[in-house]
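J.: sharing a sequence plus its predicted fold:
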Number of protein chains: 2
Amino acid sequence: MSGETDLSTRVGAPADEQDLEDLALDEDYALNAAFVDMVIDAADRGDGERVRELVAALHPADVADLMGFLTADYREEIVPHIAPEELAEILSELDTNIREEVLDIVAPATLAKALEDLDSDDAADVVDDLDDRKRASVLAAMPAAPRSAIEASLAYEDDTAGRLMQREVVYAPQFWTVGQALEHMRGDAADLPELFFDVYVVDPAMRPQGATPISRLVRMAPNTLLTEIMEPVTEIPVDMDQEEVAYIFDKYHLISAPVVDPGGRLVGQITVDDVVGVIQEESEEDMLALANVSDAGRDASTAGIVRSRLPWLVLNLFTETVAVSAIAVFQDEVQRVVALAILMPIISSVGGNAGTQTLAVAVRALAARELNASNTTRIILRELMAGLLNGFGLAMIMGGAVWFFYHDIRLALTAGLALEADIFVAAVGGILAPLILERMGRDPAVSSSIIVTFLTDLMGFFAVLAIAALILL
Amino acid sequence: MSGETDLSTRVGAPADEQDLEDLALDEDYALNAAFVDMVIDAADRGDGERVRELVAALHPADVADLMGFLTADYREEIVPHIAPEELAEILSELDTNIREEVLDIVAPATLAKALEDLDSDDAADVVDDLDDRKRASVLAAMPAAPRSAIEASLAYEDDTAGRLMQREVVYAPQFWTVGQALEHMRGDAADLPELFFDVYVVDPAMRPQGATPISRLVRMAPNTLLTEIMEPVTEIPVDMDQEEVAYIFDKYHLISAPVVDPGGRLVGQITVDDVVGVIQEESEEDMLALANVSDAGRDASTAGIVRSRLPWLVLNLFTETVAVSAIAVFQDEVQRVVALAILMPIISSVGGNAGTQTLAVAVRALAARELNASNTTRIILRELMAGLLNGFGLAMIMGGAVWFFYHDIRLALTAGLALEADIFVAAVGGILAPLILERMGRDPAVSSSIIVTFLTDLMGFFAVLAIAALILL
């Protein structure tokens, strides 16, 4: 079964399951359409046995993915065929709106049982999506220990380190040796996290003093003191925003980090696998925010899509109406030289594009914390200079083209100057709008593109018409 | 020193260094401007001792960050003050263009010594940035083992698993027990990676059969067979694109994965900390590509910025010129009803915005592998329906506004119908352009926004003028 010819496979699984899994996943491990169709076929035929077999062959993450490709009706048919011991992990992988729907189908007792198997952070995520009544009955059906871990996790605000962390953590007092630490791990199996990477060394007040990766621990003589081999650790305050947590993990290449309460006491740990999802999420949010849309997910209804986009379009309709008022002021000029009506949209479009370029680069730099007071002036000046140069290049091309088509040097000059002015405005707006939004404590990706497009459109129309009024008419 | 009042601190470092580090980093661990200014001041005063002290207090990642905030002149002053044992890690953290510059300053012998301390993947990354002559002399100055590891790594193509992986890996034959594996780790210290998370179990032909996390290993009885406790592993083919590697790590929450050659033999491993950077990078690339810009980095020269943006703007200038040719065809209509020249830019702008929204959502879904043949039709239909509905809502608002301002029901009808048509075209283009690009094997984020903007502008102009010609004039 091992990958002689087909390399995209997880080795080590039972042979028959692996055959099906090979069928389900493309070379790049993405779920393929043919497999989704097989599941749909089996469900259409009412062949529950086959559905169970197909679903059982998949990794929980792939079952969650499969759910995303199905419609709500098929999901409802398939959920009962999921093995109870797989349910918990699948739930923690599902997109929020699909999860809410699946949670409606599953009985509270089954759910309570499934959640016991999850780390406290993942379990809390799932419980958070339950409506109040079901949440109460699920929690009531759970043993005290996991229930209080989940309740403690839910007490922290959304998108903070407290919500991201798991309470299960391996720690040791400062006077322990390597041998004692290893002994503790072997003995105390029930209380330990299922997977861990570091042992945190704490003082008597539970304040972290350092950490040792287990891969180092196992290579040391048993009588070595932990304090001799521990390394500095980066503490995460429990109320830190998850975006900052992700930044810290990325920057220092952390695998895990201790989370501390305001008194500096160890209350849990965050591991890198939780952070990978956050990084993905935060980058996607910036991209979507720049496009003035919040993603409603692949399972969104048409109404959900409309709700997530229409408000921004209405705002855009309004700002654009203000921008074109520049044209209304110069109506007579447009009527006399109709070529202006042709040139204006070109200029405002290219200006808008230039503004978006600057904006995207600035938003990325801000997200990566690459802009602060020590280089802001330099970066702004560089953007303005680049705007002038880009504008000059474009103005030469456009002026040349206008002269070629209209044989009118003054019209060519009007177009060129207006384009140069608009590209400069694009640079000013593209770099300043996100910086100012950030300074105001707002998300620089949200609404900045509306502002910049407004500025470049307004300037595009105004510059053409004002310059035309001066030199052309 | 531990974090009673100030929580943003790494505990466990020497006290005086920690004071300086607290000063250098903001609450969210971002390097602050005041510290950058302190370094600049010390360099201006020629106070090498102080520069060394300031730089020594920082984590290598923060030194790299500091470099990004400085100009090239200051970097040249500061590099000689970096401790040789810190140099390697700082180099592997630097942005490519800054790294090339720093590599020019450092002597080949120092560099060869520094690179020995790095994992083979990080060392290869650095060597890749050297010019040919310097590369030869640096490699010649290195011992045979790390040199051949670096050369082997460089033999793989850029952005593949082979380049991302480290060759240092812990593996064990199938007949080993937990005790034997732990014994091996203690004995063989020099050959092992500095940090590792999994032991791979291989067959006699070096093909991975499974893996055991060390956190599980240390909790098992010494006479347990590895094959009893190993779990399935996800193999990464050595020539897999790094974007796919990142997708797999994210999907299955992997901490490490074995990399295999075309014969299925273990040749290295990829760890999640390498992948975090890739995920960040790939998401950023999509965002920038949608904005038609490649990031030239915070250290880019003005010329670098112009080069990365001007070609796209010229292309945009050209497509926009084609789009406005619709206006040129209907010049007489514009001259008779100058209000059309005011309405057209509003409609094409809102249409463009709607197209960008759809596009961003589609590009995100494609990157997350959330679109395949089994749901494409449904997603397309949903987008078109949402386009019709959004268009209807906007058309009512715009039609109403036009009627209010112009008291002309036919002009209002023209504006409303044209806007509805343009929003529909935006939906068609926004969903189909990325899907078709993807189907053609192209990156759906690159150039799709140029296509969609062209379509919405063309349609915006054409619809207004054609409808006006039919019902208004």
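T.: That came through, no problem.

J.: how near is A:Leu217 to A:Leu226?
T.: 8 Å (CB to CB, to the nearest Å). Glycine gets a C-beta too; all of them are placed from N, C-alpha and C.

J.: what sits in contact with each of those two?
T.: A:178, A:181, A:199 (CB atoms under 8 Å, 6 or more residues apart in numbering or on different chains).

J.: so the first one sits against A:Pro222, correct?
T.: Which is A:Val178. Yes: counting by CB atoms under 8 Å, A:Val178 does reach A:Pro222; the two are 5.4 Å apart.

J.: higher neighbour count, those two?
T.: A:Val178 (23 against 12; other CB atoms under 10 Å in any protein chain shown).

J.: where's that one relative to B:Leu164, distance?
T.: 32 Å.

J.: likewise for A:Ala140?
T.: The gap separating A:Ala140 from B:Leu164 is 47 Å, by CB to CB.

J.: who's more crowded, these two?
T.: Using other CB under 10 Å as the criterion, A:Ala140 and B:Leu164 rank with B:Leu164 on top: 28 against 10.

J.: low-confidence regions, chain A specifically.
T.: Residues of chain A meeting the criterion pLDDT under 70: A:1-17, A:188-190, A:296, A:473.

J.: residue boundaries of the strands in it?
T.: Ranges of strands in chain A, per DSSP state E, are A:10-11, A:171-173, A:198-202, A:208-213, A:233-234, A:236-237, A:256-260, A:266-271.

J.: using a markdown table, please lay out these together with distance to chain B and mean neighbour count.
T.: Shown next, in a markdown table, are these (distance: least, CB to the nearest CB, whole Å; neighbours: other CB atoms under 10 Å in any protein chain shown):
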| stretch | distance to chain B | mean neighbour count |
| --- | --- | --- |
| strand A:10-11 | 5 | 22 |
| strand A:171-173 | 13 | 18 |
| strand A:198-202 | 8 | 25 |
| strand A:208-213 | 4 | 24 |
| strand A:233-234 | 5 | 22 |
| strand A:236-237 | 4 | 24 |
| strand A:256-260 | 7 | 26 |
| strand A:266-271 | 8 | 24 |
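
J.: take these and lay them out in a markdown table including distance to A:Gly277.
T.: Shown next, in a markdown table, are the strands of chain A (distance: least, CB to CB, whole Å):
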| stretch | distance to A:Gly277 |
| --- | --- |
| strand A:10-11 | 21 |
| strand A:171-173 | 25 |
| strand A:198-202 | 20 |
| strand A:208-213 | 22 |
| strand A:233-234 | 20 |
| strand A:236-237 | 16 |
| strand A:256-260 | 15 |
| strand A:266-271 | 11 |
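
J.: select, out of those strands, the one closest to A:Val55.
T.: strand A:10-11 (16.2 Å; CB to CB).

J.: next, format the shared contacts of A:Leu217 and A:Leu226 as TSV and append distance to B:Asp128.
T.: Formatted as TSV, these follow (distance: CB to CB, whole Å):
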residue	distance to B:Asp128
A:Val178	38
A:Ala181	40
A:Val199	36
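
J.: was I right about A:Arg207 contacting A:Leu266?
T.: Yes: counting by CB under 8 Å, A:Arg207 touches A:Leu266, with 7.0 Å between them.

J.: joint contacts of the two?
T.: Jointly contacting A:Arg207 and A:Leu266 under the rule CB under 8 Å, 6+ apart are A:Val260.

J.: next one: phi and psi at A:Leu371?
T.: phi -120, psi 120 (degrees, to the nearest 10).

J.: correct me if wrong: it contacts A:Arg378.
T.: No: counting by CB under 8 Å, A:Leu371 sits too far from A:Arg378 to count as a contact (10.0 Å).

J.: which residues are contacting stretch A:311-327?
T.: Outside stretch A:311-327, the residues that reach it (CB under 8 Å, 6+ apart) are A:292-293, A:334, A:344, A:348, A:450, A:453-454, A:457-458, A:461-462, A:465, B:341-343, B:345-346, B:349-350, B:353-354, B:357, B:390, B:393-394, B:397-398, B:401, B:423.
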